[in-house]
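Peer 1: have a look; sequence and predicted model below, questions after that.
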Amino acid sequence: MDVCLGYSYHMDDEIAKFIRRVNPPRVVIDNEVCNNVTVIKVDSANKHGILLEVVQVLTDLNLTIKKAYISSDGGWFMDVFNVTDQDGNKVTDEIVLEYIRKSLGPDDSSCYSPRSTIGVKQSVDFTVIELTGTDRPGLLSELCAVLTDLQCNVVNAEIWTHRAKAAAVLQVTDEETCSAVTDPERLSQIRKLLGYVLTGGSRSRRSREPKTTVSSSLDETYADRKLHQLMFADRDYDEWENSVGDDEDKSGRVIPDVDVSNLHDLDYSVVMIKCKDRPKLLFDTVFTLTDMKYVVSHASIDAEGPEAYQEYYIRHADGSPVKSEAERQRVIKCLKAAIQRRVSEGLKLELCTSDRVGLLSDVTRIFRENSLTVTRAEVKTKGGKALNTFYVKDASGHQVDAKTIDAIRQVIGQTILKVKGGNTEAKPSSQESQTGFLFGVFKSRSFVNFGLIRS
């Protein structure tokens with residue numbers, strides 16, 4: 001089993017800071033030029049990863065990027081984004097607008113503002129656990145039960161599953177001190193027992209070794225970045241050749257349309273993506289290209305309809321395009337995997353109640369006992385409240401029967417566990433439990449004519 005203990009902290013080097021002082025970035029936000037979107041323009045000295053930084057800020061504010069035009073060839077970076085809020089309206093909240101100006105502008109003090117997708121600031125108050133392994137029904141329930149037995153409370157977490165792989169980033173605290181677990185022997189025990197669960201209690205020579213990493217601080221890598229990296233390291237993208245048709249994979253999910261070709265006269269590789277639009281799609285593709293060490297010189301994004309169209313002109317850091325067919329296929333597979341990892345499969349359930357130690361263990365146990373498997377989960381704790389989102393299917397990977405959900409809601413509580421995006425969310429009758437027994441007891445499109453960004 002691969003077990004490691006790591007601490008990391010990344011800062012801009014002195015040269016990057018000097019360039020930033022000499023050429024301070026300029027951020028212009030315009031709510032007048034377009035009728036239904038807010039236009040954000042960012043001009044700055046170019047550096048590797050700057051596009052990802054900008055997209056990260058907009059994504060973490062839950063803004064929807066309708067269109068974008070990116071140009072960063074040479075020493076200068078110029079971006080234009082057409083964005084809306086989650087309700088499809090212009091962004092008018094002055095607090096949000098000022099945050100964008102400060103985060104992307106010349107104010108160095110805000111460059112590393114906390115923007116974690118799991119809503120937790122950088123702190124030593126949590127023990128961070130990273131897990132990867134083979135997915136199976138009931139895995140999350142077993143992991144949570146182990147943590148509860150070890151007197152650890154899961155306060156924030158993100159869990160992804162993709163193509164029989166599972167990855168998780170959890171932040172836990174000690175039950176007694178409500179702070180990070182620091183005892184080396186206890187940390188070793190956490191690693192050992194969680195690793196045992198990930199192997200299913202046995203070792204198969206044919207299966208890839210699971211990974212358990214425990215550290216007592218959160219570095220600058222956001223949870224969603226880390227989840228992508230964990231899945232990538234576990235080579236979830238290798239499975240794409242096993243698709244059973246041109247449009248769907250084994251799970252019945254629509255496969256995104258991704259193509260990579262070279263413009264030899266310009267030394268660019270052109271990446272074309274067409275897929276169903278969803279939140280954070282742009283972040284996922286930009287992060288993947290950046291993490292694979294490609295430089296995005298130009299890009300055009302169009303997500304005004306139900307489908308998203310993305311076009312990237314990429315190079316290696318040395319200025320060369322994709323160099324072989326094997327590399328081309330690898331880029332295609334990795335982008336397809338990155339797009340699909342965050343796709344929300346199954347019925348969406350939202351849980352809101354007072355937080356307590358063992359809450360996540362109890363809820364996931366009830367799911368498991370009713371033959372539900374969690375395909376994706378996001379766990380948050382704010383102000384003593386647990387705000388959890390689960391996407392569930394039955395143990396066979398099919399949609400969940402409404403009667404099963406009704407039974408689960410009666411146990412957990414009709415007002416505590418709610419169904420989103422389906423017709424299962426019925427109003428509880430006067431005879432139904434309001435709190436529940438559990439809680440009472442305790443087509444390819446060209447971008448050649450993309451042109452200027454317009455609403």
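Peer 2: Right, received. Where do you want to start?
Peer 1: where along the stretch 201-350 of the chain do the strands fall?
Peer 2: Shown for the stretch 201-350 of the chain, the strands assigned by DSSP state E, counting those that start in this stretch span residues 211-215, 257-263, 268-276, 295-302, 307-315, 347-354.
Peer 1: can you add mean neighbour count and distance to D135 and give those back as TSV?
Peer 2: All C-beta spots, glycine's among them, are computed from the backbone N, C-alpha and C. What follows is those, written out as TSV (neighbours: other C-beta atoms under 10 Å; distance: least, C-beta to C-beta, whole Å):
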stretch	mean neighbour count	distance to D135
strand 211-215	20	14
strand 257-263	16	24
strand 268-276	20	23
strand 295-302	21	31
strand 307-315	21	27
strand 347-354	18	18
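Peer 1: out of those strands, which gets nearest to I412?
Peer 2: Shortest distance between I412 and those, using C-beta to C-beta, is found for strand 347-354: 7.3 Å.
Peer 1: average pLDDT across the closest one?
Peer 2: Per-region confidence: strand 347-354 scores 95 on mean pLDDT.
Peer 1: quick one, strands of the stretch 1-150 of the chain?
Peer 2: With DSSP E, counting those that start in this stretch, the ranges of strands along the stretch 1-150 of the chain come out as 2-4, 26-30, 38-45, 64-71, 76-84, 127-134.
Peer 1: mean neighbour count, mean pLDDT and distance to V363 added to these, as TSV?
Peer 2: Converted to TSV, these look like this (neighbours: other C-beta atoms under 10 Å; pLDDT from 0 to 100; distance: least, C-beta to C-beta, whole Å):
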stretch	mean neighbour count	mean pLDDT	distance to V363
strand 2-4	13	38	28
strand 26-30	15	93	41
strand 38-45	20	92	38
strand 64-71	22	95	30
strand 76-84	19	91	33
strand 127-134	23	92	18
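Peer 1: out of those, which comes closest to R235?
Peer 2: Among the strands of the stretch 1-150 of the chain, strand 127-134 comes nearest to R235, with 10.4 Å by C-beta to C-beta.
Peer 1: that older thread, I'd like the strands of the stretch 201-350 of the chain laid out as a markdown table, including distance to I332.
Peer 2: Formatted as a markdown table, the strands of the stretch 201-350 of the chain follow (distance: least, C-beta to C-beta, whole Å):
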| stretch | distance to I332 |
| --- | --- |
| strand 211-215 | 26 |
| strand 257-263 | 5 |
| strand 268-276 | 9 |
| strand 295-302 | 16 |
| strand 307-315 | 13 |
| strand 347-354 | 30 |
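Peer 1: lowest-confidence stretch among the ones you listed?
Peer 2: Across the strands of the stretch 201-350 of the chain, strand 211-215 has the smallest mean pLDDT, namely a mean of 71.
Peer 1: and that one, how far out from the chain's middle?
Peer 2: 19 Å (C-alpha atoms, centre = their mean, to the nearest Å).
Peer 1: quick one: strands adjacent to it?
Peer 2: When pairing is defined by DSSP bridges, strand 211-215 lines up against strand 2-4 (parallel), strand 127-134 (antiparallel).
Peer 1: any chance of the strands of the stretch 1-150 of the chain in TSV, plus distance to V322?
Peer 2: Shown next, in TSV, are the strands of the stretch 1-150 of the chain (distance: least, C-beta to C-beta, whole Å):
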stretch	distance to V322
strand 2-4	30
strand 26-30	33
strand 38-45	27
strand 64-71	19
strand 76-84	22
strand 127-134	28
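Peer 1: what's the closest of the strands of the stretch 201-350 of the chain to L104?
Peer 2: Going by C-beta to C-beta, the one of these nearest L104 is strand 295-302, 16.8 Å.
Peer 1: for that closest one, which strands pair with it and how are they oriented?
Peer 2: strand 64-71 (antiparallel), strand 307-315 (antiparallel).
Peer 1: residues contacting the longest one, please?
Peer 2: Contact partners of strand 307-315, identified using C-beta atoms under 8 Å, 6 or more residues apart in numbering, comprise 263, 267-278, 281-282, 285, 289, 294-303, 321-322, 445, 447, 450.
Peer 1: tell me which residue is most central in this protein.
Peer 2: D224 (3.6 Å; C-alpha atoms, centre = their mean).
Peer 1: pretty sure that residue is touching K280, no?
Peer 2: Yes: between D224 and K280 there is a contact at 7.3 Å, judged by C-beta atoms under 8 Å.
Peer 1: would you mind grabbing the residues shared as contacts by these two?
Peer 2: R342.
Peer 1: just how off-centre is the lengthiest helix in the chain within its chain?
Peer 2: Longest helix in the chain by number of residues (criterion: DSSP state H): helix 325-341. Chain-centre distance of helix 325-341: 17 Å, with C-alpha atoms, centre = their mean.
Peer 1: mind checking the pLDDT average for it?
Peer 2: The pLDDT scores in helix 325-341 average 96.
Peer 1: got the angle between it and strand 307-315?
Peer 2: If you take axes from the mean of the first three to the mean of the last three C-alpha atoms, to 10 degrees, helix 325-341 sits at 140 degrees to strand 307-315.
Peer 1: contacts for helix 325-341 next, please.
Peer 2: With C-beta under 8 Å, 6+ apart, helix 325-341 has contacts from 160, 162-163, 227-228, 231-232, 236-238, 240, 249, 253, 255-256, 258-260, 269, 271, 273, 275, 281, 284-285, 287-289, 292, 294, 322.
Peer 1: list only those of the residues you listed flagged as buried.
Peer 2: The neighbour count (16 or more other C-beta atoms under 10 Å) marks 160, 162-163, 227-228, 231-232, 236-237, 240, 249, 253, 255-256, 258, 260, 269, 271, 273, 275, 281, 284-285, 287-289, 292, 294, 322 as buried among the contacts of helix 325-341.
Peer 1: now, which of those lie within helices?
Peer 2: If you go by DSSP H, those have 227-228, 231-232, 281, 284-285, 287-289 in helices.
Peer 1: which of the residues you listed lies closest to G200?
Peer 2: G200 lies nearest to M231 out of these, by C-beta to C-beta, at 19.4 Å.
Peer 1: okay, buried residues for the longest helix of the chain please.
Peer 2: Applying 16+ other C-beta under 10 Å to helix 325-341 flags 328, 330-341 as buried.
Peer 1: how long is stretch 344-363 end to end?
Peer 2: 19 Å (C-alpha to C-alpha, to the nearest Å).
Peer 1: likewise for stretch 303-321?
Peer 2: Terminal residues of stretch 303-321 lie 26 Å apart, using C-alpha to C-alpha.
Peer 1: distance between that stretch and the chain's centre?
Peer 2: Relative to the chain's own centre, stretch 303-321 is displaced by 19 Å; criterion: C-alpha atoms, centre = their mean.
Peer 1: just give the closest residue to K90, not the sequence neighbours.
Peer 2: T38 (4.8 Å; C-beta to C-beta, 6 or more residues apart in numbering).
Peer 1: so the one you found sits against V91, correct?
Peer 2: Yes: counting by C-beta under 8 Å, V91 is a contact partner of T38 at 4.3 Å.
Peer 1: quick one: common contacting residues for the two?
Peer 2: Common neighbours of T38 and V91 (criterion: C-beta under 8 Å, 6+ apart): 29, 31, 83-84.
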